[in-house]
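S.K.: Build the 3D model from these lines:
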Amino acid sequence: MVESGIGGLDGPILARFHDDSGVGDNPPVEDSCGAGRNTVAVRILIVDDEPAIADMVMYALSTEGYAPEWVGLARDALNRLAAADGAEFALVVLDVGLPDGSGFDVCRELRRHSDVPVIFLTARADEVDRIVGLELGADDYVAKPFSPRELASRVRAILRRARPAPAPAGVVALEPARFRHDPDGARVAYHGVWLSLTRYEYRLLATLVDRPGRVFSRAQLMEQVWHDAEESLERTVDAHVKTLRAKLRAVSDCDDPIETHRGLGYSLRT
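M.R.: Alright, predicted model coming up:
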């Protein structure tokens with residue numbers, strides 16, 4: 001499997017991406033037993049060049065009530081995700097190694113236009129690869145060989161939390177000259193400027209903004225933001241704090257509102 005760049009994917013394909021192509025209008029509807037099965041089929045795109053693995057994943061997801069679709073190439077994946085056919089994919093299961101490029105490159109291009117959840121599949125379980133995948137914005141990382149039922153369970157869990165429970169209405173103002181948090185709109189303003197944040201950057205900053213002065217350990221932030229700390233890496237917290245600081249500095253470089261407590265964690269300066 002080739003891990004080279006895709007090349008030539010920033011033309012008409014990416015131009016057709018939806019700006020808001022996260023989870024669609026028909027998320028999983030839980031039955032009375034809370035099993036998370038769907039009354040309306042949710043489309044999931046599987047990107048893997050191995051037909052046997054793709055068939056296995058498609059069968060597992062189909063039995064859970066989802067509507068999986070399969071492509072084997074990076075370019076085909078971006079074409080399908082960019083197609084303005086009015087039916088969005090709720091999640092992408094993406095192999096890292098594809099014949100015409102790297103799944104990392106696909107995710108990188110996808111994140112320029114979409115926040116759709118991504119689960120990486122890979123034959124490599126190196127820590128560096130996991131960190132790269134998570135820092136690119138992936139929601140989970142599954143090493144081959146894997147259990148189809150476990151993968152289906154992870155898909156179900158990600159779709160459940162892709163749209164969190166509604167927060168109380170209204171905008172929370174904290175130190176008006178600095179931050180404003182709009183829970184309903186899932187956005188945060190800094191010095192009057194609404195920030196362009198990824199899903200995890202928003203959750204991380206909102207956690208700190210809602211409790212200024214409180215020191216959160218990395219493990220606590222993993223639990224608050226990623227919800228599955230045992231499956232993630234604490235180093236990804238540091239990486240997301242770094243990108244958050246860069247975005248805050250782009251608005252105002254007067255101070256660093258995120259304080260590092262060595263050996264403890266992070267807090268929002270009061």
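
S.K.: Please enumerate the helices of the chain.
M.R.: Assigned by DSSP state H, the helices in the chain fall at 12-15, 51-63, 74-82, 103-111, 127-135, 148-162, 199-210, 218-221, 235-251.

S.K.: Of the ones you listed, which is nearest Leu91?
M.R.: Closest to Leu91 of those, according to Cβ to Cβ: helix 148-162, at 6.0 Å. (Glycine included, C-beta is placed from N, CA and C.)

S.K.: Tell me what angle that closest one forms with helix 199-210.
M.R.: Interaxial angle of helix 148-162 relative to helix 199-210 (axes from the mean of the first three to the mean of the last three Cα atoms, to 10 degrees): 50 degrees.

S.K.: what pLDDT, on average, does helix 148-162 get?
M.R.: Here helix 148-162 scores 84 as its mean pLDDT.

S.K.: Repeat that for stretch 52-60.
M.R.: Averaging pLDDT along stretch 52-60 gives 93.

S.K.: ditto for stretch 124-140
M.R.: Averaged across stretch 124-140, the pLDDT comes to 74.

S.K.: circling back to that earlier point, what's the closest of the helices of the chain to Glu259?
M.R.: Nearest to Glu259 among those is helix 199-210; the distance by Cβ to Cβ comes to 9.4 Å.

S.K.: just checking, what packs against that closest one?
M.R.: Judged by 3 or more Cβ pairs under 8 Å, 6 or more residues apart in numbering; DSSP states H and E, helix 199-210 is in contact with strand 172-174, strand 179-182, strand 187-190, helix 235-251, strand 265-268.

S.K.: follow-up on the earlier one: compare the helices of the chain and give me the one nearest Ala90.
M.R.: Evaluated over the helices of the chain, closeness to Ala90 peaks at helix 148-162, with 6.1 Å, by Cβ to Cβ.

S.K.: ok, back up a step: mind giving me TSV with the helices and strands packed on helix 199-210 and columns for mean pLDDT?
M.R.: Output for these, formatted as TSV (pLDDT from 0 to 100):
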stretch	mean pLDDT
strand 172-174	50
strand 179-182	88
strand 187-190	90
helix 235-251	90
strand 265-268	90
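
S.K.: Same list, these, but as TSV with distance to Glu201 please.
M.R.: Formatted as TSV, these follow (distance: least, Cβ to Cβ, whole Å):
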stretch	distance to Glu201
strand 172-174	17
strand 179-182	13
strand 187-190	9
helix 235-251	6
strand 265-268	13
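
S.K.: Select, out of the ones you listed, the one closest to Val118.
M.R.: The nearest among the helices and strands packed on helix 199-210, by Cβ to Cβ, is helix 235-251 at 14.3 Å.

S.K.: now that closest one and helix 199-210, what's the angle there?
M.R.: Using the same axes, to 10 degrees: helix 235-251 against helix 199-210 is 80 degrees.

S.K.: Run through who's touching helix 235-251.
M.R.: Applying Cβ atoms under 8 Å, 6 or more residues apart in numbering, the contact partners of helix 235-251 are 131, 134-135, 190-191, 193, 195-197, 200-201, 204-205, 218, 221-222, 225-226, 256-258, 260, 266.
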